[in-house]
Every structure is written in structure tokens, then in C-alpha cells.
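> Provided below are the primary sequence and the corresponding predicted coordinates.
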Amino acid sequence: MTEVRIEHLTTSGAFSLDGGLWDVENNVWIVGDDHEAIVIDAAHDADAIAAAVGDRRLTAIVCTHAHNDHINAAPALAEATGAPILLHLDDRLLWKHTHPEHSPEGYLSHDQRIDVAGTELRVIHTPGHTPGSICLYASTLGTVFTGDTLFAGGPGATGRSYSDFPTIIRSIRDRLLTLPPGTQVRTGHGSDTSVRAEAPQLDEWITAGH
């Protein structure tokens, strides 16, 4: 039995919503061992992600939310690997903005478990950035994958359609900052952080957001 590991890939492309277009770099996370893996957020480049997975069995493509820059490569990666695309049900309308002809193969719910290579990841529903935003907590790896809900230095953006600032603050306060302080936070964009580093800033975020 090989050891479970976390691999990181950065892909580049565009994020579009509400008539705007922004160049972005996304973090793509691969969790697994030498035999099987899952991909968290299939962004921009299905070929590069498939190459990083290699000959391992891809058991799921998990979407932290349905903004186009996090899901635009998901159908092509699913077609290449046979892996199902999983998304929280509350983001199905956002998904249709990018992929009107292709639906996810499964819908996620809060506290659902995803198993890969003998490791369990718990789905944490964290609405705010989008209605169906989720994080994935792997307690045995001391890691939470937060998508665009929590970054190094603050919460994800809430100034666009489908987003809400008080909701994202509640999600972070009640469901992320309650994780063990040493939990590493692996984000959808930019650098890693930790629960310990972000928790003291909560009041500042609330003040800045009002």
C-alpha cells in the first residue's frame, strides 16, 4: 500500500461572470496514491490535469463550486478518464452557465464522505461565494481544501451574482475556523494558509465587509 499524498498543479485561463472577464491562475489539487486519485477543481487544462494524474484510476472530479474557472475542464477530463463529476446541488444553475449540455454525474451534500486510497474527505457546505460552495476536510492529512471560500488573508469575493457576504462569514466562522488550528488551508487561488493564521482576522473581515 502506497502513501496518500497531495499534489498541486497550477493552470491559467479566464474567469467570466456578470459580463466581466479576468485572467486567473487556479490551484488544481490531486489527492491519492500510486493507484487511484481524485481531482479537486478541474480548471482550464484537461490535458495537463490528466497528465498529472497519469495512469492512476481517477475516481472523482470534485468541484468546490461552479464558477467557470473551476469547472471549465471538468467534462473533458471526465470524458478522458471516465471519472464522475461531483458538485453541490445548490450550484447547478451556475454550472449551466458554463456547461448547458452536460450535467454533473452526482450531487454533493454537507457531511458526505468521499473516499480515495483509504483516506476520507468530508464535504463541508460553505455557501457565500456561491450557494453551493463546498470545502473538503481530510482530517488524517491535516488539510482542508477551501476553493474560493477562504484564502490567505480573507474570505472569497462576494461582489458578484449568487454571492453573499454575511453568508460566507457564517460559513467560515462556524464550519472552517472550528477545525483544528493546525489544519492547513489549501485554496483555489494563491498560497496556502492555516486555520490558526486566519482565525484571528475574523473581526477585521466583518468590519471591512460592512
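Done, it's in. Residues are numbered from 1 along each chain as shown.

> Quick check: closest non-adjacent residue to T126.
Leaving aside its chain neighbours, T126 sits nearest to S171 (3.8 Å; criterion: CB to CB, 6 or more residues apart in numbering). C-beta: built from backbone N, CA, C; applies to glycine.

> ok, that neighbour touching P131?
No - look at S171 against P131 with CB atoms under 8 Å: they stay out of range, at 11.0 Å.

> who has more neighbours, these two?
Set S171 next to P131 and count neighbours by other CB atoms under 10 Å: S171 wins out with 26 against 20.

> so who does the more buried one touch?
H125, T126, P127, G128, S133, T149 (CB atoms under 8 Å, 6 or more residues apart in numbering).

> Report the secondary structure state of it.
Secondary structure assignment for S171 (DSSP: H, G, I helix; E, B strand; the rest coil): helix.

> measure it to G142 for me?
Counting by CB to CB, to the nearest Å, the gap from S171 to G142 is 20 Å.

> Please apply the same query to L58.
In terms of CB to CB, L58 sits 24 Å off from G142.

> Between those two, which is the more surrounded one?
Set L58 next to G142 and count neighbours by other CB under 10 Å: L58 wins out with 24 against 13.

> State the helix or strand in which the more buried one lies.
Assigned by DSSP states H and E, L58 falls within strand 57-62.

> which stretches of the chain form helices?
Using DSSP state H, the helices of the chain run over 46-53, 68-71, 74-81, 92-98, 165-171, 195-198, 202-209.

> Give me whichever of the ones you listed is most buried.
Each of the helices of the chain was scored by mean neighbour count; the highest is helix 68-71, a mean of 25, by mean count of other CB atoms under 10 Å.

> what does that one contact?
13-17, 24, 26, 41-44, 63-64, 85, 87, 95, 97-99, 147-148, 188.

> and L86, how many neighbours?
The burial count for L86: 20, using other CB under 10 Å.

> I meant S16, not that one.
16.
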